[in-house]
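**Student:** Kindly generate the corresponding structure for this input.
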Amino acid sequence: MKRIITLLFCALVCLSVTAASKKPKSFVVNTEKLGKEVMGYAGTTPVEIHVVDGKIDKIVALPNSETPSFFEKVQASPIFTALVGKTVKEASEVQLDAVSGATWSSKAVIENIRLGLKEAAKKAK
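**Tutor:** Residues are numbered from 1 along each chain as shown. As a prediction, the model looks like this:
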């Protein structure tokens, strides 16, 4: 009986150590705090970067104060889709272009994405 209890204890310890040492496969980086100093035309432009199995799954714009018609141009541009499917490292090396007619907003979004990818690289290690 003592041997069975010892084996069960060892199995539980091994499982918890293995689970604790695994890297997160999926996580979300929110740039509301990371990019609080990054300003678009009318304020901050935070995003969420969703990482699944080490690759960018999607980038989502969070609520902001930008002029809707200008921000729609940013959302319709490749800024939010160009990095999908890339690893965090690959995405970090991509040069995103600002959107003509929504330059301040798009540059702020690009900077938030850059900050988010930097944070995602830490989490992916």
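**Student:** phi, psi of residue 78?
**Tutor:** With angles defined as degrees, to the nearest 10, residue 78 sits at phi -70, psi 0.
**Student:** From residue 110, how far off is it?
**Tutor:** With the distance defined as C-beta to C-beta, to the nearest Å, residue 78 ends up 11 Å from residue 110. The C-beta positions use only the backbone N, C-alpha and C, and glycine is treated the same way.
**Student:** cool, residue 64 as well?
**Tutor:** Distance from residue 64 to residue 110, by C-beta to C-beta: 14 Å.
**Student:** swap in residue 75?
**Tutor:** According to C-beta to C-beta, residue 75 stands 13 Å off from residue 110.
**Student:** out of these two, which sits in the more crowded spot?
**Tutor:** Shown here are residue 75 and residue 110; by other C-beta atoms under 10 Å, residue 110 has more neighbours (20 against 17).
**Student:** shared neighbours of residue 78 and residue 110, which are they?
**Tutor:** In terms of C-beta atoms under 8 Å, 6 or more residues apart in numbering, residue 78 and residue 110 are both contacted by the residues residue 96.
**Student:** Now the phi/psi pair for residue 80, please.
**Tutor:** phi -90, psi -10.
**Student:** what comes up buried for the lengthiest helix in the chain?
**Tutor:** What stands out as the longest helix in the chain, according to DSSP state H, is helix 103-124. Within helix 103-124, the residues scored as buried using 16 or more other C-beta atoms under 10 Å are 104-117, 119-121, 124.
**Student:** Can you classify the most centrally placed residue in the chain as helix, strand or coil?
**Tutor:** Residue closest to the average C-alpha location in the chain (C-alpha atoms, centre = their mean): residue 49, at 2.6 Å. Assigned with DSSP: H, G, I helix; E, B strand; the rest coil, residue 49 falls in the strand class.
**Student:** contacting residues for it?
**Tutor:** For residue 49, the contact set (C-beta under 8 Å, 6+ apart) comprises 28-29, 31, 56, 59, 113, 116-117, 120.
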